[in-house]
Every structure is written in structure tokens, then in C-alpha cells.
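*Asks:* Provided below are the primary sequence and the corresponding predicted coordinates.
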Protein chains: 2
Amino acid sequence: MMLRDIGEFGLIERIHARFGRTASGSDITTAGGGAPGSVGSAAPGPGLGIGDDCAVIERPGSLLELVTTDLLIEGSHFLRDAIEPRQLGRKSLAVNLSDVAAMGGKPRAAFLSLALPGEIELSWIDAFFEGVGDRLSEAGAELLGGDTTRSKGPIVIQFTILGDVERAHLKLRAAAEPGDILCVTDQLGDSGGGLQALLDGVDRTPAVERLVRKHLDPRPHLAEGAWLGSCSGVRAMIDLSDGLESDVRRIMERSGCGAEIEVTRLPTSRELEEVCAEQGWSAWELAVGGGEDYALLCSVAPEQYEQIAAEFQREFGRELHAVGRVTAGRATAARSASPQNKAPHDAPFRRNDRDEPVYLQDGRRVDPTRRGFDHFHSE
Amino acid sequence: MMLRDIGEFGLIERIHARFGRTASGSDITTAGGGAPGSVGSAAPGPGLGIGDDCAVIERPGSLLELVTTDLLIEGSHFLRDAIEPRQLGRKSLAVNLSDVAAMGGKPRAAFLSLALPGEIELSWIDAFFEGVGDRLSEAGAELLGGDTTRSKGPIVIQFTILGDVERAHLKLRAAAEPGDILCVTDQLGDSGGGLQALLDGVDRTPAVERLVRKHLDPRPHLAEGAWLGSCSGVRAMIDLSDGLESDVRRIMERSGCGAEIEVTRLPTSRELEEVCAEQGWSAWELAVGGGEDYALLCSVAPEQYEQIAAEFQREFGRELHAVGRVTAGRATAARSASPQNKAPHDAPFRRNDRDEPVYLQDGRRVDPTRRGFDHFHSE
């Protein structure tokens, strides 16, 4: 049997069977916690960070440590001819910074492992590092180390980011509760539309240019993440890396709940609508299934939603878009009937316990045709 | 101009010109320090970890945090057919654990970024993770997260290790002083001999098998590193990854000193001597220039050497081999003539300030013919 037969999620389950207490999601974050000052203590700890965007490590004092890693390989994650080196530097860091934002934290230190072919131009390298420097400065983080090596094949870029978060501000995927309002911090689908435009070789109108730029140079929502982290009414949070469809499932799986998305409420840009009209694409399906928007998805306690949304508007000058709500879901319903009324953070939900997110258009169910990414299945 | 024109060290200097306070060595560790609890504070801090095996991050309490990363790419760092997957799992972790050992620290948490082709056998993956698990258990560390992705080309393995060290036990490359005894914690050259045997397709006698095994499955000297860390008479420390010749230069560059190596005192195994005699290789040149032994090289205050060596012998049942001594060197001599009698940790040594290590055989100078690795120049 080969890896392609089990796919990425199968691989992650396999890794967890060996090392993990448990997790789900696209990464292999397995644990966190332990006694203050100890990294990876053998004690099970509070289960923080399991299956989340970052691993969470207990530290003495008021701050928790956050750690996230991401690997980008030329040919799989980017094409050298399709992205400017400065954009690549910015983007390869942005995708990691976004994970820290999703936990309510602040990035502090970056470590870069970089493999480059010997025949790459120095001007390319300089521009790449210019992009890395841009994003580091914006984030207030520093490059503290790493590793360089020669690649005989593709460029390989791997960042590890260390960050921190006030204990009380930490947001996890597992904290959503039925009734919560599901919110996103920005318009969705631009990046997916930009990727589609690149793949289809669509003519570069100004609207197409904007979508492509959103795809090639996404902005991590660091300020938004830290701000939402400080709101006690914000419960679960995740960044939209693989697409709303995939990422809302991760909240559902970790929180043991269901979700309804009202597709007419998904915020999309004028440019995306324009390009979709021209190309015959569906804007809401790109908003649901297109990845790499790197906005944040959070669940907000319903009684606090109005106040938080109003303050968000004042703080950031745009809407905290309510796109749906958290529902009880089968797993939650089963649990509330049992004496144990809270899901243990470290109990996996089996496939058949899982609820599907429900998409509603004016009260009727609709089904998106696009799916989130599974690296080993999709080609 | 291309990357191959400036090589790995040129690239590292370029990265430092942009981000670093400074460093030298094969990695791009740039900084560390800052206020307790802050990662990558903007304050220059004590300069800990600059150009060392790990970055050092200040934390509240008695422990400092250590961070190290390493990237292994199929075809450049290993050949899938030449190493068992379990050995590969063990080795890819060992090379990082060794960096923590070199700082006197203990590894606590591992993060793995792994890119695999879809057509790889699950049995290969399972064996790889078995090897990772072996080394994690031995080290008392946990896999806390990471990232999996598909590779259309080579297997890519990247570990980030977090560790910690008692503040007083931290060992840096910059701490060697003229007169110190240079010591190694094990026999040298076996790994280099094993690699040469693999490259030359030498017949697999039992002696050759042992060298090959030392190359494919090196042991990180964690217990030795932590023990030497606790000895105040041990000053500078580094792990022997690129070979004694390269690694002693790093101590020299960071400490601003020279070094003499007495080649007749280099400990070599009976097996290496046997294979060298058969193949016409030079055992001492492999001990000097062959990489990946992953023993530790340290400098010991001369007045404490005898006691430390005797205790090391009791603790580990083998010798702490004295192989040479630290000399004043031109840079040190120039500095002692100036009012400023200590090298600032963050001042780079220019090429022309650098001393060459001196190799002595019965009092006469000899020159090793092999050189350490530079990933972008060497093919």
C-alpha cells in the first residue's frame, strides 16, 4: 500500500496513532501543555493546541508559547515563474504568521530552513529575503536562525514561527458552542479566484490582477487575531488556509458541533463578482472552496456578537462578517444525552460521528462542488 | 551572479547583512537574548546563541530555551536506496538532537515538516517513524507538531527542536580561551570512512559494516553534552557535524583564537584503521575532514582537565580524548594589545583576521587534504 492510497489525513492519523494523544486537521500538531517551564512534559497537561493552528507550550509567567511550522515546495506549493521572489518571501512567511494570528497570539521569532539550487540568481535571493523582511517587520518578529542547504531539485522553504499569547487570550478550535455566530474577518474567494485565473490563463483585467495579487501576496490577519483574542466573547478561531469548507469542518470536529453557512452572507469582492460573471464561475463556491484567503474564521457568543462586531468595525474600519452559526450537531446531541456533558479535548471524533457543514441559500440547502485540499490525493 | 558563485557561506553572510547582528558557521543562527519572557526582543541582549548550534532565547526562570532546525533533502543529504527508513528517521532527528547536546541542553519538543511523494510505501513511512520514535524516546522529547505535504520530487525532512538548558550550563562556541585543552567525546572518522566505503562500493567486511553503520545511524551525545554542560571547567562546545577541521574553525572564529591539533592523538577505531590500511586511506585525514561523527568537541580549562577527564571516564566508561589545545591566535594577540581585552560576541571576524588550525604530527606541521562541506560549492 502506498501513501497516495491513504492520503494526507490518513498519514496524519497514522502519525497520531504512534505519537499523538490525538488530533485532526491538516497539520500534525499533537500536543502541548505540561508543567510550567517544561516543554513537552510527559504529563498529559490541559491538551492545549491539540489539532490547532499552533502547538501551545506552557511557560512560567502569563504568556503561553506558540509554535507553528509550514513547508513550501516549488512545483507543489508555488511555481517559480508564477510568483515574484519578493511575493514568495512575503507569502511563505504570511502563511505561518496567520497560524499565530488564529490563536490570538503575536509572532516573535522566525527560523527559516531554505534549500536552493546552485544556479539560482542572487537577485532572486535578495528579493526573496526582502519579502521575508517586509513581513517580519510588519509582524514585529525577528529571524533568529535556520539552516541553508543546496537543493539539486526544487526550492524548499520551511518556516518555524515561535510566538506568544496571554493565557486568557488563547483561542482554540475546540471552543465553539452551539448557537455561536460564525464570523470571518474579510472577503472570501479572491485568492481562489486568482489561482483559477492563473491556472486558466485568464486575460489580466484590473479585476483579475487584484485577485491574482490576493493569491500571491495574502495578508496575515495579525492585528485582527490579537484583537479577537482579547475578546472573551470570541470562542473558537482558525485561519482560512484550506478554504471555509475545510476549515469550518476543523472547528466542528474539534468542538463536536455542526455548522450552518448562509451562502448569501459570504462576503465577496466586487472584483471577484466581476471575474466570476465573465468566466462563468460561482463566486460563493470560490468563497467556500477556494483556499488561501488567510482571513480568520471565529465563533462568537451570540449575546456578545453585536458589541464585538461594532467594536471590530471601529477598530478595523470594516465589517466582522457573520456568515452562519454553530449548531448542536449529532456528536453534541449524543453527548448532551450522556452524563458527560463536555467533549474531552483529547477524544477523537470518528468519521461517522462527524457532521457535515450545511450550506443554506435563502433557507434551501445547497452543495458546494469544490472541495478543500488534500495534498496527497489532489493533483 | 548565481548562488553557486558565492557558496553557502556567502549566502549566510548575505542573510546576516540583512537580518543578523552577525554570525558564522554553517547555519544562519543570528541572534537570541532579550528580556526574560520575550522571544526575539529588539534589544540586543547578551548575544547568546549567535553563530552557535542553537539559537538561545531568554525565558523567565532558570532555564533558557534552545531552538535548532535542520533540513534534509533526498539526493543531497541521503539516498533512499542507501539508508534504511528506520535509520533515516533516527539520523534525521539525531543531527538536530546533537545541536542541543552541543549547548549543554536537553531536547524537549520536536516539530517535523515532512514532504513525501504519493507513491511511497506505507511500510517505508512506518519504519521512518519508528526510527523517529526511537530517538525521541531516548532523548525524552516529544513530537508536538509539524506539517505534512506532498512532494512531486524528493523526500524532504525538516526537524525543529526546542530544548532547554540551565542558564549556568549553557556552552557557546565563543568561550574558548588560549591554553584550553581541546577534547572530543568519541572516536572520529568512522562516519567519514563509512561514507567513503559507500561511495566507493567497498566490499562489506565486518569492519566496513561498522563504519557504514556509524555513518547511517550516528548517536547524538546527549548525555555527554548535558554532563559537560554541568562542568564549569568546560568552556566552548560544538558538535562535530561537518568534521573536526570545519568545526574547530567555528570555535576559533567565534572565540577569536587559534588551535593546534596533534594528529597522533586523534582517537580512531580499530575498524577504521583496518579499512584504511586495506583501502589506502588516511585514518587521521578522515578523522579531521570526514563529517557526521556527531561527537562533541569542547575546550577545557587546563587546570581542570585532569579532574574532568577522570570523572568523564567514570561516568561514561571511556576517555575524554585530549586532541590539541587552544592558542592565542592572531586576532586574540591583536586584541590583547588593544585597550579592549575581550572580543564582543557580536563582532564578526574578517577573513584576514582568521587563523588556520595547525595540525602537528610529532611536532612537525602536516596538512590534511580533505575539507569540510560547503553545500553550494561541493558537488
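*Replies:* Okay, I see it.
*Asks:* what strand or helix carries A:Thr148?
*Replies:* strand A:142-150 (DSSP states H and E).
*Asks:* just how off-centre is that strand within its chain?
*Replies:* Centre-to-centre, strand A:142-150 and its host chain are 24 Å apart (Cα atoms, centre = their mean, to the nearest Å).
*Asks:* list the buried residues of the next helix or strand after that strand.
*Replies:* Counting by DSSP H and E, the next helix or strand C-terminal to strand A:142-150 is strand A:156-166. The neighbour-count check on strand A:156-166 (16 or more other Cβ atoms under 10 Å in any protein chain shown) flags A:156-165 as buried. In short, each C-beta sits where N, CA and C put it, glycine included.
*Asks:* just give me the closest of these to A:Gly201.
*Replies:* Nearest to A:Gly201 among the buried residues of strand A:156-166: A:Ile157, at 25.6 Å, using Cβ to Cβ.
*Asks:* surely that closest one touches A:Arg80?
*Replies:* No - using Cβ atoms under 8 Å, A:Ile157 is not in contact with A:Arg80; the gap is 11.5 Å.
*Asks:* ok so, going back, which one of the buried residues of strand A:156-166 is nearest to B:Arg4?
*Replies:* For the buried residues of strand A:156-166, the nearest to B:Arg4 is A:Val156 (17.1 Å; Cβ to Cβ).
*Asks:* what bridges to that closest one?
*Replies:* A:Ile73, A:Ala115 (DSSP bridges).
*Asks:* low-scoring stretches of the stretch 251-379 of chain A, by residue?
*Replies:* A:331-354, A:369-379 (pLDDT under 70).
*Asks:* tell me where it has strands.
*Replies:* Here the stretch 251-379 of chain A has its strands, by DSSP state E, counting those that start in this stretch, at A:258-262, A:296-300, A:321-327, A:358-361, A:364-366.
*Asks:* other SSEs contacting the third one?
*Replies:* Strand A:321-327 sits against strand A:181-184, helix A:244-255, strand A:258-262, helix A:302-316, with contacts defined as 3 or more Cβ pairs under 8 Å, 6 or more residues apart in numbering or on different chains; DSSP states H and E.
*Asks:* who does the second one touch, helix- and strand-wise?
*Replies:* Where contact means 3+ Cβ pairs under 8 Å, 6+ apart, helix A:244-255 is packed against strand A:234-239, strand A:258-262, helix A:283-289, strand A:296-300, strand A:321-327.
*Asks:* turn those into JSON lines, columns for distance to A:Glu58 and mean neighbour count.
*Replies:* Formatted as JSON lines, these follow (distance: least, Cβ to Cβ, whole Å; neighbours: other Cβ atoms under 10 Å in any protein chain shown):
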{"stretch": "strand A:234-239", "distance to A:Glu58": "20", "mean neighbour count": "26"}
{"stretch": "strand A:258-262", "distance to A:Glu58": "30", "mean neighbour count": "21"}
{"stretch": "helix A:283-289", "distance to A:Glu58": "37", "mean neighbour count": "25"}
{"stretch": "strand A:296-300", "distance to A:Glu58": "24", "mean neighbour count": "28"}
{"stretch": "strand A:321-327", "distance to A:Glu58": "28", "mean neighbour count": "21"}
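*Asks:* can I get the ones you listed in CSV including distance to B:Arg108?
*Replies:* As requested, the helices and strands packed on helix A:244-255 are exported to CSV (distance: least, Cβ to Cβ, whole Å):
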stretch, distance to B:Arg108
strand A:234-239, 26
strand A:258-262, 36
helix A:283-289, 39
strand A:296-300, 30
strand A:321-327, 35
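*Asks:* picking up where we left off before, so which of the strands of the stretch 251-379 of chain A gets nearest B:Glu278?
*Replies:* Taking the strands of the stretch 251-379 of chain A one by one with Cβ to Cβ, strand A:296-300 is closest: 64.2 Å.
*Asks:* hey, C-alpha coordinates of the closest one in CSV?
*Replies:* C-alpha atoms of strand A:296-300 as CSV (Å, rounded to 0.1, in the frame of the first residue of the first chain):
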residue,chain,number,x,y,z
LEU,A,296,-9.8,34.4,10.2
LEU,A,297,-12.9,32.4,11.0
CYS,A,298,-14.2,32.6,14.5
SER,A,299,-17.2,31.7,16.6
VAL,A,300,-18.7,34.4,18.7
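*Asks:* which ones are touching whatever residue of the stretch 201-350 of chain A ends up closest to chain B?
*Replies:* Using Cβ to the nearest Cβ, the closest approach of the stretch 201-350 of chain A to chain B is made by A:Ser241 at 11.2 Å. By Cβ atoms under 8 Å, 6 or more residues apart in numbering or on different chains, the contact list for A:Ser241 reads A:26, A:95, A:98-99, A:247, A:291-292, A:294.
*Asks:* and it, what element?
*Replies:* Applying DSSP H and E, one finds A:Ser241 in no helix or strand.
*Asks:* any idea how far it is from A:Pro218?
*Replies:* Here the distance between A:Ser241 and A:Pro218 works out to 9 Å (Cβ to Cβ, to the nearest Å).
*Asks:* list residues touching both of the two?
*Replies:* A:95, A:98, A:292, A:294.
*Asks:* those in helices, which ones?
*Replies:* Under the assignment DSSP state H, those contribute A:95, A:98 to helices.
*Asks:* TSV please, covering the strands of the stretch 251-379 of chain A and showing distance to A:Gln196.
*Replies:* Listed next are the strands of the stretch 251-379 of chain A as TSV, based on distance: least, Cβ to Cβ, whole Å:
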stretch	distance to A:Gln196
strand A:258-262	21
strand A:296-300	21
strand A:321-327	21
strand A:358-361	20
strand A:364-366	20
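*Asks:* among these, which is nearest A:Phe19?
*Replies:* Closest among the strands of the stretch 251-379 of chain A, once you apply Cβ to Cβ, is strand A:296-300, at 27.7 Å.
*Asks:* the closest one versus strand A:258-262: what angle between them?
*Replies:* 110 degrees (axes from the mean of the first three to the mean of the last three Cα atoms, to 10 degrees).
*Asks:* span of stretch A:235-247 from start to end?
*Replies:* End-to-end distance of stretch A:235-247: 15 Å, with Cα to Cα, to the nearest Å as the criterion.
*Asks:* no wait, stretch A:167-178
*Replies:* So stretch A:167-178: terminal residues 24 Å apart, Cα to Cα.
*Asks:* so which bits of it are buried?
*Replies:* A:169-176, A:178.
*Asks:* next: stretch A:298-317.
*Replies:* Quick answer for stretch A:298-317 (16+ other Cβ under 10 Å): A:298-302, A:304-305, A:308-309, A:312.
*Asks:* per-residue pLDDT, the residue of the stretch 201-350 of chain A closest to chain B?
*Replies:* Here, the pLDDT recorded for A:Ser241 equals 94.
*Asks:* tally of neighbours for A:Glu319?
*Replies:* 15 (other Cβ atoms under 10 Å in any protein chain shown).
*Asks:* so who does the residue most central in space within chain A touch?
*Replies:* When Cα atoms, centre = their mean is applied to chain A, the residue found nearest the centroid is A:Asp239 (3.0 Å). Under the criterion of Cβ under 8 Å, 6+ apart, the contact list for A:Asp239 reads A:53, A:98-99, A:101-102, A:220-221, A:225, A:247, A:294-297.
*Asks:* I'd say A:Leu266 and A:Trp284 touch.
*Replies:* Yes - between A:Leu266 and A:Trp284 there is a contact under Cβ under 8 Å: 5.5 Å.
*Asks:* now for the two: what residues contact both?
*Replies:* A:Gly189.
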